[in-house]
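Participant: Model the structure of this input:
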Amino acid sequence: MRRNRNVKIVATLGPASETYDMIRALHEAGTDVFRLNMSHGTHEEIREKHRIIREVERDVDRPIAILGDLQGPKLRVGTFANEAEELEIGATFRFDLDDADGDATRVYLPHPEIFAALKPGANLLVNDGKIRLRVENCGPDFAETRVIAGGTISNRKGVNVPDVILPLAALTEKDREDLEFICKLGVDWLALSFVQRPEDVHEARALVDGRAAIMVKVEKPAAMENFEAILDSCDGIMVARGDLGVEMPVHAVPPLQKKMIRLCRAAAKPVIVATQMLESMTASPLPTRAEVSDVATAIYEGTDAIMLSAESAAGQYPVEAVTMMDQIATEIEADPNYAQIIRASRGEHRGGGVAEAIVAAAREIAETTEIKAICCFTQSGTTALLTARERPGVPIVAMTHYRGTARRLALSWGCQCVMTAELSRFKQAVVNAVRAARAGGFAGNDDQIVVTAGVPFNMPGTTNILRVAPCDERLIYSSEPG
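Facilitator: Predicted coordinates for the structure are as follows:
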């Protein structure tokens, strides 16, 4: 089931997409990665979705990635005696640690760590940023604020604190339990919420202990301030535009999205653009033109993946939403302007190592001759990621005998993942690459492919060979099986 596009599609599972038939339909429509949102559903419900994904994977015989998304800390106000109150612009309002029901002048905020971090002039945002309050006076158990943007405040609405780094760990007790559960279950990627500093990633990595790749959801201004250090510490980035757009001016998010995509690509680490990409398709069979343009922009910028949330988890048209994503991506990548933009954004190879030089040469050869595909053998996935960073104009066939590597690479731009036997000789690698290219429809009898690998085999980080190989079937039948 070869994809005719390079950008990958992530679909969130939920009540609208939890049966075998629906999950398989989503995969066949174009989903490469399934997201399990740990904010919703019991462990048993998550386990069942995981089981079905792996059943679909077995039946379609194609590696599928699973992304487990941790909830992170949730900051909320308490309750109100009247359930809701109207806050008028210019009014004063108090947050405190008194757990009595709130009124039009105050409410319980059960987070002393917020009061510990606040300073006069800081902003508090309530109800997804619809209400904005500025701190005028504060102490260890209260904050007196002035209403800058009013609205209705009601029971247990969320609170955002964009102007300070909160003394909160990214992992709550629930997150730790969820992390251990999904790592034992066998997810391929683990998404961390509420990351503010690289130390948050280090803590999670110690707990994960190599069982999954770590993706950071960038949703707080503090994460942007520490972005390059956070990027160094993780395996991938999710541009969580919803929360980021609450805590920052919405007009600041597009340039930050572009910056994150560029830096992730330079680091050869996959990046997902997420949140409200086709939001109207939760209730409509067709997206708005603005949503289509939004998806297209992310693809033109070179993102590895685009993500559906409520559209596939709870919407009325989950398969149609994935199909629309696939159609948009296919159309954009066929645009000659897309190839020009990708080439223009490709950084020059500046040394680094043999592997970087090999993959850069593979891309150059492929684009200046009649090469049909680049077949790269990889153990940890690094060679495939470096090849994807080059954004070649031909398909990348990532070949590995590690299923976990193949699954993780299902998230990376352009990687068509193929399982292969464990090899010991480069000749076997060439034969297996030719077989895979022919079987996948990437190349025919009169075509050539580029093969990259490392000798000695079975040692990560040793990519040091490049060969242009004919896809003549006689090469297969005249060689020993691999």
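
Participant: neighbours around Ser312, how many?
Facilitator: By other C-beta atoms under 10 Å, the residues close to Ser312 number 32. Placement of C-beta: from N, CA and C, glycine included.

Participant: quick one: what helix or strand has it in it?
Facilitator: Using DSSP states H and E, Ser312 maps to helix 310-313.

Participant: Give me the secondary structure label for Gln196.
Facilitator: Of the three states, Gln196 takes coil under DSSP: H, G, I helix; E, B strand; the rest coil.

Participant: Touching, it and Lys220? I think so.
Facilitator: Yes. Here Gln196 reaches Lys220: they are 5.7 Å apart, a contact under C-beta atoms under 8 Å.

Participant: Looking at the two, which has the bigger crowd around it?
Facilitator: Neighbour totals were compared for Gln196 and Lys220, and Lys220 leads with 26 against 21 (other C-beta under 10 Å).

Participant: Show me where the stretch 251-400 of the chain has its strands.
Facilitator: Assigned by DSSP state E, counting those that start in this stretch, the stretch 251-400 of the chain shows strands spanning 271-274, 305-308, 371-377, 396-400.

Participant: And the lengthiest helix in the chain, what does it pack against?
Facilitator: Longest helix in the chain by number of residues, with DSSP state H as the criterion: helix 43-60. Identification of packing neighbours for helix 43-60 by 3 or more C-beta pairs under 8 Å, 6 or more residues apart in numbering; DSSP states H and E yields helix 20-29, strand 33-37, strand 65-69, helix 173-185.

Participant: mind checking pLDDT for Gly454?
Facilitator: Note on Gly454: pLDDT of 86.

Participant: my bad, Pro167
Facilitator: For Pro167, pLDDT reads 89.

Participant: Give me the phi and psi for the closest residue to it other than its chain neighbours.
Facilitator: Counting by C-beta to C-beta, 6 or more residues apart in numbering, Pro167 lies nearest to Glu113, which is 5.1 Å off, once chain neighbours are set aside. Backbone torsions for Glu113, taken as degrees, to the nearest 10, come to phi -60, psi -30.

Participant: Show me how this protein divides into domains.
Facilitator: 8-73+170-334, 84-160, 354-477 (automatic domain parsing).

Participant: Tyr20 - how many residues pack around it?
Facilitator: Tyr20: 13 surrounding residues under other C-beta under 10 Å.

Participant: Now do the same contact list for it.
Facilitator: Ile52, Glu55, Val56 (C-beta atoms under 8 Å, 6 or more residues apart in numbering).

Participant: May I see the residues you listed organised as a markdown table, with pLDDT and neighbour count added?
Facilitator: Putting the contacts of Tyr20 into a markdown table (pLDDT from 0 to 100; neighbours: other C-beta atoms under 10 Å) gives the following:
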| residue | pLDDT | neighbour count |
| --- | --- | --- |
| Ile52 | 98 | 19 |
| Glu55 | 98 | 13 |
| Val56 | 98 | 21 |
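
Participant: any chance of those in CSV, plus distance to Thr420?
Facilitator: Shown next, in CSV, are the contacts of Tyr20 (distance: C-beta to C-beta, whole Å):
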residue, distance to Thr420
Ile52, 26
Glu55, 23
Val56, 21
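
Participant: Quickly name whichever of those is closest to Arg3.
Facilitator: Checking the contacts of Tyr20 against Arg3 with C-beta to C-beta, the nearest one is Val56 at 15.7 Å.

Participant: mind listing what that closest one touches?
Facilitator: By C-beta under 8 Å, 6+ apart, Val56 lies in contact with Tyr20, Ile23, Arg24, His27, Ile64.
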